[in-house]
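Enquirer: Here's my sequence, what's the structure:
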Amino acid sequence: MKVQLRKLAHARSGDKGDTANVGLIAFRDDLYPLLTREVTAARVKEHFKGICKGEVERFELPNLGALNFLLHESLGGGGTLSLMTDAQGKTFSTALLRMKIEVPDDEAKRLGL
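Expert: Numbers count the residues shown, from 1 in each chain. As a prediction, the model looks like this:
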């Protein structure tokens, strides 16, 4: 089954220059391994295709049940240079939560999804 990340986690985002910073935090500890397995840097890069011009870095924070992503070259130069509507990356978290991941039926049932 396909599940939007908004059913599994919450997110926060911001910026540093031309890099958007997006944190994805699992609602429950048992959901973190699923996020770690399915929400890869490559998949996030594909999800932000056309927006993220640079590399995507992923950092795991297991003690927080979170993943942090840096989306380089995503803000048109940053807040002081860009003509983008969201030059500070505040809405990137909402955009990431719309991403869908595949969850096998037996795992979805076990996790109560």
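Enquirer: Could I get the full set of helices for the chain?
Expert: Listed in chain order, the helices found in the chain under DSSP state H are 32-38, 41-47, 92-97, 105-111.
Enquirer: how about a markdown table for the ones you listed, with distance to residue 63 and mean neighbour count added?
Expert: Backbone N, C-alpha and C define where each C-beta goes, glycine included. Listed next are those as a markdown table, based on distance: least, Cβ to Cβ, whole Å; neighbours: other Cβ atoms under 10 Å:
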| stretch | distance to residue 63 | mean neighbour count |
| --- | --- | --- |
| helix 32-38 | 10 | 17 |
| helix 41-47 | 20 | 16 |
| helix 92-97 | 21 | 20 |
| helix 105-111 | 21 | 12 |
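Enquirer: Quick one: closest of those helices to residue 66.
Expert: When the helices of the chain are compared by Cβ to Cβ, helix 32-38 sits nearest residue 66, at 7.8 Å.
Enquirer: With only the CA atoms kept, save that closest one in PDB.
Expert: What follows is helix 32-38, C-alpha atoms only, in PDB (Å, rounded to 0.1, in the frame of the first residue of the first chain):
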ATOM      1  CA  TYR A  32      11.400   5.100  12.500                       C
ATOM      2  CA  PRO A  33      12.800   2.000  10.800                       C
ATOM      3  CA  LEU A  34      10.200   2.300   8.000                       C
ATOM      4  CA  LEU A  35      11.200   5.900   7.500                       C
ATOM      5  CA  THR A  36      14.900   5.100   7.500                       C
ATOM      6  CA  ARG A  37      14.400   2.300   5.000                       C
ATOM      7  CA  GLU A  38      12.000   4.200   2.600                       C
END
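Enquirer: from the chain's centre, how far out does it sit?
Expert: 12 Å (Cα atoms, centre = their mean, to the nearest Å).
Enquirer: Relative to residue 106, how far out is the spatially most central residue of the chain?
Expert: When the chain is reduced to its mean C-alpha position, the nearest residue by Cα atoms, centre = their mean turns out to be residue 96, at 4.4 Å. Distance, residue 96 to residue 106, using Cβ to Cβ, to the nearest Å: 26 Å.
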